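Trainee: this one's structure only:
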Ligand SMILES: [Zn+2]
Ligand SMILES: [Zn+2]
C-alpha cells in the first residue's frame, strides 16, 4: 500500500504569507457581504425574520428571492459594515436561533419546492455562554441534518470566511463553491495557533498548515469550484464579484436542477460520504468481506486517473446556454 | 329551517351545583396524576426529558412505555402532589418548552411507528410574560398542527382538568376519552366568570353554562367516550381508575390501529372538521353551488336518526377479546 | 340617558366628526382618517379596520367574491350569562351589519388570485366560534383545491366562550388544513392586526409561512383580561406588541397599512404555489400527504364519514399506487 | 530528567498504585478504581474510561465484534505544527494501543444486537478526523442495513485540526446517515461522556433519539481552550456539565455508569426498531426516504458515483412506483 502523506513539513515562509494574505482578504472590511450580493444578484428579495421560538438573529439573514425571474430561497451569514452594525449583527457569528431561523427557511423552500442558495461568511458560531445554554451544538447539528435530507437543490457559496461548524451549519450542498479569496477552515487560524502552537501570533503559520484557501479546498475535494474575483479582489469590485457569483449559481442550478429528487439526495449523500482520507490497512475485519479499494473510497480526494476534478468555474463556464435551457423550469 | 337553540336560559341551581362538584373532583388534590396512572397502567416506562432547545419543562412528562408488552409513547401534563412539587411543576401549567418537548416525543413515536397516548390534566398553558416571550401561542399552534398530521394512532384521555389550549395542544386524537369527573373547557370557569359575569365568584355558574363535564362533552361530540370512575371517584381508588383507563386505551387502540395510515388521517381530519354547530341559511353563496344539508354537516352534534353516538365505555366494553385480537400487533 | 363625552367642552367639533388618536392625542377628522386608511397622519397609529375597508385596501377592485355568506351561528350550549348568547349575536349583527365575525372569499391582489379570510373585531371581539372556524377551514380547503395561496387577516380576542369547547376545537379544525397546504406546497400568509390574541393566535394565525403584523398591534396568547383573571399578573407595557414579537422571532415583518398591498403582491410572486398535479413531498413536519389529501380535503367529502361511527366507513385512497406521498416531480419537469 | 511528583512525600504509596479523586480528593487504589468501573467510591466521580473497559461495561460478554479495524489515518494536508501529524498519530498509537480514536462494531446488550461506536479520549483527545468519521458513518449504515439500533459513546475534544476541513466535513458525513435511520424507523442512542465537545457534539452526538450523559461529564460546544482562544471569555463553573444540559433540555437523563447497561437494555426494549421491509414515513424532518434510501445507504454504493463528476452517473431508484416514500404498512399488519 502506497503512502499518501504529501509533505509533512512545516509550511514555508512563502506559503505562510500567501495563505495569510487570503485570510486578510476574506476578512476585508470592504468585502461584499450577503445582503450586498443579494441586492446585486437577485431581481427581488424579501427578508423574513425569526426562528418562531426565541429571537430573530441578525447574524443570519434569509428569505425568498427571484433569480432571473425564478424563485429561490437565499440564506446567508451577515456581518456588519461598521462597528455599530457589527455589534448588532454580532460580527456575523450566529446564536442558535440564527441557525433555527435558517432551518425554518429551509423547510419553507422544501415545502414550495424552490432551490436553496446559501452564502457563507462567518468567523464561526458564537461560542459564548448564552449560546451554549440555548444549544449551539444542537442547532448546528440539526441544521446540518436538515440540509443533508432537504428535497430541493442546494448551492452553497463561500463568500468570505467559512468558519467551522457555524459555516457548515448552512453549508451542506449539492455543489459548494467559493470565491477566490474566501477561506474555509475547521477552526480559526488564531484558535488553531493558540492550541497547537500555544501562540496566537502563529496564526499565519496555522492558516498555511490548515490549507484553508479556496484553491486548497478545491484540491482537497471539499468544494467543487472556485469563482474568480475581479481585479484586486471582491472588496474592490462588488458588482463584478456579484456578476461572477450569479453566473456560477445559475450554472450550478442549471446542472443540479436536472436531477430528480432521488438522484439529488443520493448524490448529495455520496458527496459527503466521499470526503476525507481513509487508508485501508492489512488488518482485515474479522467478519466482513474485504473492503473495496482505497481508490474507490477516496477517488475524489486523490485525483486518480479517470476521476475528473471540476476546474475553475471561469474555465468551464457554459456560454449562457446552460442557464437558458432551464429558463422555463422552477 | 328549524331552530337549533336548545335552551337559552341561565343554568339552574341544581345544574350549577352538579357542574361545580365535577370541577372540584377534577381538581381534587388526591386525584391520580399522569405519572400515577403511568405507573399503574404500563409495564415499563422511561421518562425522557427536554425540548432540545431551551429547557426541560416538568409540567409535561413523557416517554416510551410498554402497554401489555406493546410499545407506545405516553405524554401527559403533570401536576404536583404537594406545594413543593406543584411549584417545581408549575401546577401542571406548561411553558412553551413543555409543548416543544411533547412535539419531540410525538415525532419519535412517528419515527418508530408506535401509537401515542396522551393524558390531559392542566388548568391551562401558563400565561405569564416569560411564556409569552418564548412563544406560548406558537408552541400550542404547532403542537396541534403536528398532531393533526401524525402518522400513528393517537388516544387522548382527559384525566382531570382539560384546560383550554394548553390541554388541546396535546389533545388532538383519533379518539378522545375522558374520566367521568374530568372536565374540558375553553377557559377556566373563574376566567369565564371574570369576563362574562365580571365576578369571579360566579365560577360555578360559568362552569354550568360552559357544559364542561365529561358527560356534556360527550353530548357535544367533542369527546368520544366517558370512562366511569370507581366508587366515590378517581381520588379514592387510583388502582381501580387506572384499570378502567387501561381497558379503555386498549379497546380504543384495538380499534384504531386497524386503520391504515390514510384512513387514520382522513378519519382524524373528518373528526375535527365535523366539530361545531354551523347553520346554513338562505343566503346562497354567489358563485358556489348550494351547500349540502345541515344534517350532514352537523350530524355528529345533533344525534340525528341514523347517526350512532358512542355510548359510555363501560357499556360497550369489549370483553377483552378486542384487545387480545390485537395482541400480536404493534 | 345623558352620555358623558370624553372630550373637553372647549373643542367645538362633535365627536361624530373627529377622533382623538390614542397614541399622540392629536385630533383627526373622521373623513381624513378614512382617507388615510384609518392611520393617524401625525404618528402613524393604526386604528382598527372593518372587513369592507380591509378588502378595499388589499384586493383588486371588485375582485372579491364572498363565499359561504349564509353560514350562521346556532347556540349549541344554550348559553346564557348576563344575557343569552343568541341576543348577543343579534346585537352584534345589528351593530356591524355582518352575520359573523369573519368572512371568507376569493379575490385577487394585483391579478394574483388568493383565498382570503378576514376578521372583524367589532363583531363580538372577533371571537372564533363554530362558524368562524368553519369559514376559515373552508377558506384553506378552497386554497388547497384551487391551488392558490391562502391569506388570513386576524383581529380576534380568541375562542368564543359562548360555544365552550366547540370553540376550543376550532383551533384544531382551522389548523388541520394547514398540514395539507404544506404537503401541497401552497403558501399561507398570516396577517396579524390589532388585536390578535388567545385561540386565534394559538392556532392558524401563528402558523403562516410568512407572518406579517401591523405596527404596534397587540398580539399575545393571554389577553389582558384573561391574564388578570387567571394569573393576576400585570403584563409589562409594550410586551405583546408586534415590535416585540418581531424581536422574539415570531413575526417576519411589520408592514404599515399603506405598504400592505404591494408587500403581499411581492410575496405572492416570491412564494409561488408548487407545481400542480403531484403529491409533493416536503421535509417539514407535514410530509406524506399526497393527492388523496388534496382531493379529499373538502369538508363535504367527510360529511358521510362523520355521520357514521368513526373508523367504519371512510373514503379510501385511490388504488393507483401513488400512496400517501408520491414522487416529487423531477426538478426539470417543472 | 527528574520528574516532579504531584504528591506530597508523606504519602507512602507510589503514584502507580493509587489515584487522587479530582472531586473529593480521596485516595483510591487503582485496583479498587477499576473494580468500581472507574467511579470514585467516595463521591461518585466518573473517571474517563478506555474503549475496552467500556465494551466490558456495556455489552454482553464476548459479543462484540469490531469492524473496520484496519482503517488508518493518512496525512491529507501534510500537516506540521510543532511536530508532524504523522508523528502525533504514531505517538497516540503507541500510548493507547489503538489505531484511532474510535472503534465500531456489532455486539449485544442483554441479547439485543446493536451497532455501536466508541470513542477513546486518550487517543489525540478523541478528535474526529476522516477515519473516525468514516467508522461512525459505517456504524450507522450497518445499523440501517441490519435494522438494529445504533449506539455511540462519545468522548471527544471535537474535530481534528490536523486534517483541516476534511475533519469539519465529518460532521456532515456522520450526520447524513441519521436522516436515513429516521426514515427507516431505527433508533439511535447517543451517550455523552466526559468530555464531549466541539464538532462531535455539534453533529451526531446531539441528535440521538435518546441522549444519555454520565454524571458531571463536561459537555459543550466550545471547549474551554477554544473559547479562551477566540472569545477570551471565561465560562462559568459547572456551565457545561451534564446536569446543566439536562436542565436546559438537551439530555434525556443522567445515568451513573453502574446503571448504564440496564438502562440501555430497557430503552432498547421500549424503542423498538420499526417493522422491516417498508419505506416508513415519518412526520419529522426526515420523511420521504423509502427503500431506495435504505438499500443504497452503504458507502460502497456510492463509490462509483463519487468518482465521477457529480450528477452524471448516479444509481436510479427502482422503477417500481414505490417512489421515495411508500405507504406505511397498516398498523394491524405489523
Ligand atoms: Zn397619532
Ligand atoms: Zn471522589
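Mentor: Right, received. Where do you want to start? Small disclaimer: the values here were computed from a predicted structure and weren't measured. Numbers count the residues shown, from 1 in each chain, chains lettered A, B, ... in the order given. Ligands and ions are numbered 1, 2, ... in the order given.
Trainee: Residue C:175 is in contact with residue C:207, isn't it?
Mentor: Yes - using Cβ atoms under 8 Å, residue C:175 makes contact with residue C:207 at a distance of 6.6 Å. C-beta: built from backbone N, CA, C; applies to glycine.
Trainee: list residues touching both of these two?
Mentor: Shared contacts of residue C:175 and residue C:207 (Cβ atoms under 8 Å, 6 or more residues apart in numbering or on different chains): B:141, B:145.
Trainee: Please compare the two by neighbour count and tell me which comes out ahead.
Mentor: residue C:175 (32 against 23; other Cβ atoms under 10 Å in any protein chain shown).
Trainee: and that one, what pLDDT?
Mentor: On pLDDT, residue C:175 comes in at 98.
Trainee: Over to it. Which of the three states is it?
Mentor: helix (DSSP: H, G, I helix; E, B strand; the rest coil).
Trainee: ditto for residue A:98
Mentor: Residue A:98 is classified as helix under three-state DSSP.
Trainee: In space, what's closest to it - neighbours in sequence excluded?
Mentor: Of all residues not flanking residue A:98 in the chain, residue A:57 sits nearest, at 3.4 Å (Cβ to Cβ, 6 or more residues apart in numbering or on different chains).
Trainee: Now the element after the helix or strand harbouring residue A:139, going C-ward?
Mentor: Counting by DSSP states H and E, the element that carries residue A:139 is helix A:136-149. Counting by DSSP H and E, the next helix or strand C-terminal to helix A:136-149 is strand A:154-163.
Trainee: burial count for residue A:30?
Mentor: Neighbours of residue A:30 (other Cβ under 10 Å): 11.
Trainee: quick one: it and residue A:235 touch, right?
Mentor: Yes - counting by Cβ under 8 Å, residue A:30 touches residue A:235, with 4.0 Å between them.
Trainee: What parts of the stretch 1-150 of chain A come near chain B?
Mentor: Taking Cβ under 8 Å from any Cβ of the partner chain as the test, the list of the stretch 1-150 of chain A residues beside chain B reads A:52-54, A:96, A:100, A:134-135, A:138-139, A:142.
Trainee: could those residues go into TSV alongside neighbour count, distance to residue B:81 and pLDDT?
Mentor: Converted to TSV, the residues of the stretch 1-150 of chain A next to chain B look like this (neighbours: other Cβ atoms under 10 Å in any protein chain shown; distance: Cβ to Cβ, whole Å; pLDDT from 0 to 100):
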residue	neighbour count	distance to residue B:81	pLDDT
A:52	24	35	98
A:53	25	31	97
A:54	22	32	97
A:96	31	35	98
A:100	26	36	98
A:134	22	31	96
A:135	27	31	97
A:138	26	32	98
A:139	31	36	98
A:142	24	36	98
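Trainee: Among those residues, which one lies nearest to ligand 1?
Mentor: Proximity to ligand 1 was ranked across these by Cβ to the ion; first place goes to residue A:52, at 31.3 Å.
Trainee: who touches that closest one in this structure?
Mentor: A:100, A:104, B:135, B:138, B:142, C:206, C:249-250.
Trainee: Please give the number of neighbouring residues around the residue of the stretch 1-150 of chain C found nearest chain B.
Mentor: Residue nearest to chain B within the stretch 1-150 of chain C: residue C:130 (3.0 Å; Cβ to the nearest Cβ). Other residues near residue C:130 number 27, with proximity taken as other Cβ under 10 Å.
Trainee: Relative to residue A:10, how far out is it?
Mentor: Noted for residue C:130: a distance of 77 Å to residue A:10, by Cβ to Cβ, to the nearest Å.
Trainee: How about residue A:208?
Mentor: Separation of residue A:208 from residue A:10 (Cβ to Cβ): 9 Å.
Trainee: Comparing these two, which shows the higher neighbour count?
Mentor: Neighbours per residue, other Cβ under 10 Å: of residue A:208 and residue A:10, the larger number sits with residue A:208, 27 against 18.
Trainee: I'd like the average pLDDT over the strand or helix carrying the more buried one.
Mentor: For residue A:208, the host element (DSSP H and E) is helix A:203-210. Mean per-residue pLDDT for helix A:203-210: 96.
Trainee: And the next helix or strand past it?
Mentor: helix A:214-220.
Trainee: any idea how far that following helix is from the chain center?
Mentor: Its chain's C-alpha centre and that of helix A:214-220 lie 12 Å apart, by Cα atoms, centre = their mean, to the nearest Å.
Trainee: can you check stretch C:99-106 too?
Mentor: 10 Å.
Trainee: how about residue A:196, secondary structure?
Mentor: Residue A:196 - assigned by three-state DSSP - is helix.
Trainee: Go ahead and confirm it touches residue D:81.
Mentor: Yes - the pair residue A:196 / residue D:81 is scored as a contact, 4.0 Å apart, by Cβ under 8 Å.
Trainee: any shared contact partners between those two?
Mentor: residue A:206.
Trainee: so what's residue C:54 up against?
Mentor: C:118, C:153.
Trainee: can you check the one 4 residues further on too?
Mentor: Neighbouring residues of residue C:58 by Cβ under 8 Å, 6+ apart: C:109, C:116, C:151, C:153, C:260-261, C:264.
Trainee: Also near chain D: which of the residues you listed, exactly?
Mentor: When Cβ under 8 Å from any Cβ is taken as the criterion, no member of the contacts of residue C:58 contacts chain D.
Trainee: who wins for neighbours among these?
Mentor: residue C:116 (29 neighbours).
Trainee: my read is that one is in a helix, agree?
Mentor: No - per three-state DSSP, residue C:116 lies outside any helix segment and is strand.
Trainee: how far away is the closest residue to it other than its chain neighbours from chain A?
Mentor: Distances taken as Cβ to Cβ, 6+ apart place residue C:151 nearest to residue C:116, at 4.6 Å, with adjacent residues excluded. Noted for residue C:151: a distance of 15 Å to chain A, by Cβ to the nearest Cβ, to the nearest Å.
Trainee: list the buried ones in the helix or strand where residue C:151 lies?
Mentor: Here residue C:151, judged by DSSP H and E, is contained in strand C:150-156. Across strand C:150-156, burial judged by 16 or more other Cβ atoms under 10 Å in any protein chain shown covers C:150-156.
Trainee: ok, of the residues you listed, which one's closest to chain D?
Mentor: Out of the buried residues of strand C:150-156, the member with the shortest distance to chain D (by Cβ to the nearest Cβ) is residue C:150, at 21.0 Å.
Trainee: So what does the residue of the stretch 201-330 of chain A found nearest chain D look like in phi/psi?
Mentor: Proximity of the stretch 201-330 of chain A to chain D (Cβ to the nearest Cβ) peaks at residue A:276, 3.0 Å away. As for residue A:276, its main-chain torsions (degrees, to the nearest 10) stand at phi 120, psi 160.
Trainee: Can you give me the neighbour number for it?
Mentor: 30.
Trainee: which residues does it contact?
Mentor: Neighbours of residue A:276 in contact, by Cβ under 8 Å, 6+ apart: A:298, A:301, D:76, D:129-131, D:133-134, D:163, D:166-167, D:169-170, D:173.
Trainee: Include distance to residue D:23 and secondary structure when you put those into JSON lines, please.
Mentor: JSON lines is the format used below for the contacts of residue A:276 (distance: Cβ to Cβ, whole Å; DSSP: H, G, I helix; E, B strand; the rest coil):
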{"residue": "A:298", "distance to residue D:23": "44", "secondary structure": "coil"}
{"residue": "A:301", "distance to residue D:23": "45", "secondary structure": "helix"}
{"residue": "D:76", "distance to residue D:23": "40", "secondary structure": "coil"}
{"residue": "D:129", "distance to residue D:23": "32", "secondary structure": "coil"}
{"residue": "D:130", "distance to residue D:23": "36", "secondary structure": "helix"}
{"residue": "D:131", "distance to residue D:23": "34", "secondary structure": "helix"}
{"residue": "D:133", "distance to residue D:23": "33", "secondary structure": "helix"}
{"residue": "D:134", "distance to residue D:23": "36", "secondary structure": "helix"}
{"residue": "D:163", "distance to residue D:23": "34", "secondary structure": "helix"}
{"residue": "D:166", "distance to residue D:23": "37", "secondary structure": "helix"}
{"residue": "D:167", "distance to residue D:23": "32", "secondary structure": "helix"}
{"residue": "D:169", "distance to residue D:23": "37", "secondary structure": "coil"}
{"residue": "D:170", "distance to residue D:23": "33", "secondary structure": "helix"}
{"residue": "D:173", "distance to residue D:23": "36", "secondary structure": "helix"}
